[in-house]
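S.K.: I'll drop the sequence and a predicted model, then ask my questions.
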Amino acid sequence: MPTVRDIEQALFELAPFELAMDGDNVGHLLGDPDQEVDRVLVALDITEDVAAEAIDEDCQLIVAHHPVMNCKWLPVQSVRSDRPQGHLLLQLLRGYVSAICMHTNLDCAEGGVNDALAERLELQDVETVEESNLLRAGHLEEPVDLREFVDFVCGTLGCNGVRYANAGRPVYRVAVGGGSCGDFDEAAIAAGCDTFVTADLSYHQFLDAKGKGINLIDAGHFPTEDPVCENLIAYLTDRFPELTVMKSASHKEVVQYYVEGE
């Protein structure tokens, strides 16, 4: 059976370490590198529910997108059971579950987060937006009204709801950036896109959208990144046919939208 180290090396072939942004914490972050693996759980995040699911399913490894320890944003200064991060880490360690996390390197990689999102949205002739090396841009089969495209995005990504701004343009050439890619709106415009699908956009970005001439769709952080889990499952299954690789059933969108009258 492959070890955690073997699987990490294979994942770095898909999403090379060099693609990760400065300060990002990627790779094998928790557990024994020489541990043999026969069952893998794939999830966008490693939450306590995901950790419990891995233990219940007898998985030796979780492969996730977001780092279970992001030392840039949340430095690990202690591991204590009475603190949320420490409680999660101890839960994994006591269950002998290792964690491999591929973050911004998987965002940029071919076949990674943004290619998965472009594929899910049925974009054609997808290319990398050179200014960022992160975004992908492609076109629809034919132009559609923004409201029609918003409905499609919401349904195909399984969103609980979306936020959007209408710049008065039909949708044809679309840029996508899974997660918090709102700062790349100028790159999307420079690439000739009329619409940008991403997440975590600010009020002022919506306010400025019409003046900039680009439709904005905030489909949520989880929905825009979760499609990559299927790519990871397919990749690991192909590389290691002896593995059982499954997607987390417990991890879903956490943002809920209240609509008056419903």
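M.R.: Structure received.
S.K.: Against which helices or strands is the stretch of helix or strand residue 119 belongs to packed?
M.R.: Assigned by DSSP states H and E, residue 119 belongs to helix 113-120. When contacts are defined as 3 or more Cβ pairs under 8 Å, 6 or more residues apart in numbering; DSSP states H and E, helix 113-120 packs onto helix 104-108, strand 124-128, strand 136-144, strand 171-176, helix 221-225, helix 228-239. Quick note: C-beta positions are derived from backbone N, CA and C, even for glycine.
S.K.: The same query, at a cut-off of 6 Å, please.
M.R.: strand 136-144, strand 171-176, helix 228-239 (3 or more Cβ pairs under 6 Å, 6 or more residues apart in numbering; DSSP states H and E).
S.K.: Could you spell out which stretches of this protein belong to which domain?
M.R.: 4-107+226-247, 110-218 (automatic domain parsing).
S.K.: How far off centre is the shortest one?
M.R.: For domain 110-218, the separation from the chain centroid amounts to 15 Å (computed by Cα atoms, centre = their mean, to the nearest Å).
S.K.: now do the same end-to-end measure for it.
M.R.: In domain 110-218, first residue to last residue: 23 Å (Cα to Cα, to the nearest Å).
S.K.: likewise stretch 28-41?
M.R.: End to end - Cα to Cα - stretch 28-41 spans 14 Å.
S.K.: Tell me how far it lies from the chain's centre.
M.R.: 21 Å.
S.K.: quick one on the thing from earlier: now distance to residue 255, mean neighbour count and mean pLDDT too, for the domains of the chain, in TSV please.
M.R.: Formatted as TSV, those follow (distance: least, Cβ to Cβ, whole Å; neighbours: other Cβ atoms under 10 Å; pLDDT from 0 to 100):
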stretch	distance to residue 255	mean neighbour count	mean pLDDT
domain 4-107+226-247	13	18	94
domain 110-218	6	19	96
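S.K.: Looking at those, which is nearest to residue 253?
M.R.: domain 110-218 (5.6 Å; Cβ to Cβ).
S.K.: ok, now how distant is residue 51 from residue 119?
M.R.: 29 Å (Cβ to Cβ, to the nearest Å).
S.K.: what do you get for residue 157?
M.R.: With distances taken as Cβ to Cβ, residue 157 is found 12 Å from residue 119.
S.K.: next one: residue 17
M.R.: To residue 119, residue 17 is 24 Å away according to Cβ to Cβ.
S.K.: just residue 244 next, same as before
M.R.: Distance, residue 244 to residue 119, by Cβ to Cβ: 25 Å.
S.K.: what residue is smack in the middle of this structure?
M.R.: Taking Cα atoms, centre = their mean, the centroid of the chain lies closest to residue 225, which sits 2.7 Å from it.
S.K.: so who does that residue touch?
M.R.: Neighbour list for residue 225: 44, 113, 178, 179 [criterion: Cβ atoms under 6 Å, 6 or more residues apart in numbering].
S.K.: tell me the SS of the nearest residue to it once chain neighbours are set aside?
M.R.: Of all residues beyond its chain neighbours, the one nearest residue 225 is residue 178 (4.2 Å), with distances taken as Cβ to Cβ, 6 or more residues apart in numbering. Classification of residue 178 using DSSP: H, G, I helix; E, B strand; the rest coil returns coil.
S.K.: shouldn't residue 178 be in contact with residue 116?
M.R.: No. With contacts counted by Cβ atoms under 6 Å, residue 178 stays clear of residue 116, the gap being 7.7 Å.
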